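Peer 1: model the structure of this input:
(3 chains)
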Amino acid sequence: MEMLKGQGGAALVSADVSPEIVALVSAEVARQLGATRAEIDRALAEVRERTVDDRAAIVVFSGDLDRVMAAFVIATGAAAAGLETSMFFTFWGLSVLKKKSAAGGRKGFKQRMFALMTPGSSDALGTSKLNFFGMGALMLRAMMKEQGIVSLEELMGLAGELGVKMTACTMSMDAMGIEKEELFDGLEYGGVAAFMGDAARARVSLFI
Amino acid sequence: MEMLKGQGGAALVSADVSPEIVALVSAEVARQLGATRAEIDRALAEVRERTVDDRAAIVVFSGDLDRVMAAFVIATGAAAAGLETSMFFTFWGLSVLKKKSAAGGRKGFKQRMFALMTPGSSDALGTSKLNFFGMGALMLRAMMKEQGIVSLEELMGLAGELGVKMTACTMSMDAMGIEKEELFDGLEYGGVAAFMGDAARARVSLFI
Amino acid sequence: MEMLKGQGGAALVSADVSPEIVALVSAEVARQLGATRAEIDRALAEVRERTVDDRAAIVVFSGDLDRVMAAFVIATGAAAAGLETSMFFTFWGLSVLKKKSAAGGRKGFKQRMFALMTPGSSDALGTSKLNFFGMGALMLRAMMKEQGIVSLEELMGLAGELGVKMTACTMSMDAMGIEKEELFDGLEYGGVAAFMGDAARARVSLFI
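Peer 2: I've put the predicted structure just below:
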């Protein structure tokens, strides 16, 4: 049993207090406290279950240059702010992850049509508005360059350096006939469950 | 008063310790502990107010087939992950909830124009890109079928089975002249306050 | 030292209990309790770090009338529900904040082209679909008026009255060559870090 001490640390035991009493006091305190502490720890654990991690989770659904830019600006901003950040690329957003020289796997007719109509890589992304056969995207790129704003490719590199996790949606890959070899290296692969696993614990979740 | 016991449960009361002392010790411990416990419970309640429920809340603003598909994939994924999931259909998203044979209520000229320009039911939704008079949507549907990916109608059925709550935005219904009879059965009806009630407690909130 | 009292407040000290014992009991209880309390307070503070504020944070990326309307409906709804609400206007969303008579600063050729192609103020916003040279937006406005639904300008005024914070994205302003004088008064100015600062503590974060 621990030595019984006063608040200042000085032993309180005096000639008038028997060792039995000292032992009794210490034990009774420990007993009552122990029961209460267990209840509080259960309550704390229950509240902790209802909290969030320092995370951000972003669905990149769009393949438009302006929206993809916004997604990477937000993702790098979140990572810079100390949030563990993950991006989930699905549907048109998969285009962002395509290598320039991607040869493409064996595709059916419909997948080949889709491949023709969707951008070959991030270089070829249009804007969500004012596309005018790519002019909107070219102008956005040129303006950003003039103003010293980083390009999409620089933002993607920065995101990688900041440890942003990038996951390619496997369901979309199947639907569009995209193979792993057509996409950048260093990606994660997963379905909606992978996204939900991150998003359910995240402070910020966005659909872009 | 409870029997005074040592940590091992053995009675500590010895011949040297008077019943008065035993009572005093037990009461003083309970008194100090009770006050502290009340403070901790208040602090716990205050922290609990700042936590979230295991919920997901999704605004379906878009009526595009691809975005609506994504909304249902995410909603069913969230429900499957154990989150209480609610979808709030507003603006173009209301089209998703329309019955095929909906006769339509009494509409003014502008509502009738809008009804002509918006899809009659989920069957008629276009994609957000590459629509080409419905070809994009048809191709997306055909590709999903070939790849064994569930259709929008199957996803909607699955969402219902998983207990996903679907709310039709009453303000949008008023603006577009849509009556309850034109929409599926089993829906909830509400405004932005209904969405906020769910979203403010949710782990994941998305605008699609 | 506090008077030693029983649970009912009556003094327990009897003739048989010496002042030394009373002091010892009180001090030992306080000592053990203090240590435990410190541990619990640390655990509470750690859990509190993982909670959220009563906040909502909305990125307004789109400049389409329908999406901007939805953003303001949700923002005013969130503020009315007691959430401290902030809107972050970026990319096309900046158009919403433009004064009607904005003269415009010195712009390069590309910025001038962009200014021609983007709406001059909230009056000129189109819808994300069915724009038909502005007809979709005009019809949406007319229908809302007929149905007694508040207009965008009314919603913006309401948002201001409800204390919704509106921040203009400085990076987008630089890219598009927009000066502060062209935007409404009473705005905040900031980058992605400003948005993240709000969003990371918010219950609801949306990208519109």
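Peer 1: any idea what the closest residue to A:L97 other than its chain neighbours is bridged to?
Peer 2: Once flanking residues are discounted, A:L97 sits nearest to A:L183: 4.6 Å by Cβ to Cβ, 6 or more residues apart in numbering or on different chains. All C-beta spots, glycine's among them, are computed from the backbone N, C-alpha and C. Judged by DSSP bridges, the bridge partners of A:L183 are A:K98.
Peer 1: buried ones in the helix or strand A:T36 falls within, by neighbour count?
Peer 2: With secondary structure defined by DSSP states H and E, A:T36 is part of helix A:19-48. For helix A:19-48, a neighbour-count test (16 or more other Cβ atoms under 10 Å in any protein chain shown) marks A:21-33, A:36-37, A:40, A:43-44, A:47 as buried.
Peer 1: who's in contact with stretch A:50-57?
Peer 2: Residues outside stretch A:50-57 that contact it (Cβ atoms under 8 Å, 6 or more residues apart in numbering or on different chains) are A:74-75, A:78-79, A:82-86, A:88, A:195, A:198-199, A:201-206, B:48, B:51-53, B:203-204, C:47, C:50-52, C:200.
Peer 1: which secondary element of chain A has the worst mean pLDDT?
Peer 2: helix A:109-117 (a mean of 58; mean pLDDT, DSSP states H and E).
Peer 1: and the strands in chain A, which stretches?
Peer 2: A:55-60, A:84-89, A:165-169, A:188-190, A:204-207 (DSSP state E).
Peer 1: my guess is A:S18 contacts B:I21. True?
Peer 2: No. Using Cβ atoms under 8 Å, A:S18 is not in contact with B:I21, being 9.5 Å away.
Peer 1: same for chain B: which of the buried residues of helix A:19-48 are within range?
Peer 2: A:21, A:23-25, A:27-33, A:36, A:40, A:43-44, A:47 (Cβ under 8 Å from any Cβ of the partner chain).
Peer 1: and the two most separated of the residues you listed?
Peer 2: Greatest spatial distance in these: A:I21 and A:V47, 38.7 Å, computed using Cβ to Cβ.
Peer 1: one step back: okay if I get the strands of chain A as CSV plus mean pLDDT and mean neighbour count?
Peer 2: Shown next, in CSV, are the strands of chain A (pLDDT from 0 to 100; neighbours: other Cβ atoms under 10 Å in any protein chain shown):
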stretch, mean pLDDT, mean neighbour count
strand A:55-60, 98, 27
strand A:84-89, 98, 26
strand A:165-169, 97, 23
strand A:188-190, 97, 14
strand A:204-207, 98, 28
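Peer 1: flag the shaky bits of chain A, pLDDT-wise.
Peer 2: Where chain A drops to pLDDT under 70, the residues are A:1-16, A:101-120, A:124, A:127-140, A:142-144, A:146-149.
Peer 1: can you rerun that using 80?
Peer 2: Across chain A, the ranges flagged by pLDDT under 80 are A:1-17, A:100-150.
Peer 1: state the distance from A:W92 to B:S121.
Peer 2: With the distance defined as Cβ to Cβ, to the nearest Å, A:W92 ends up 24 Å from B:S121.
Peer 1: same thing with A:M69?
Peer 2: From A:M69 over to B:S121 (counting by Cβ to Cβ), the distance is 35 Å.
Peer 1: the more surrounded of those two?
Peer 2: Legend: neighbour count by other Cβ atoms under 10 Å in any protein chain shown for A:M69 and B:S121, higher for A:M69 (24 against 17).
Peer 1: for the nearest residue to the more buried one once chain neighbours are set aside, grab the count of nearby residues.
Peer 2: Nearest in space to A:M69, with sequence neighbours left out and distances taken as Cβ to Cβ, 6+ apart, is A:L152 at 5.6 Å. Residues near A:L152, counting by other Cβ under 10 Å, number 22.
Peer 1: what about A:L152, distance to chain C?
Peer 2: To chain C, A:L152 is 13 Å away according to Cβ to the nearest Cβ, to the nearest Å.
Peer 1: list the contacts for that residue?
Peer 2: A:L65, A:V68, A:M69, A:F72, A:S122, A:L125 are the contacts of A:L152 under Cβ under 8 Å, 6+ apart.
Peer 1: if we only consider those residues, which is nearest to B:V96?
Peer 2: A:V68 (25.8 Å).
Peer 1: gap between that closest one and chain B?
Peer 2: A:V68 is 13 Å from chain B, by Cβ to the nearest Cβ.
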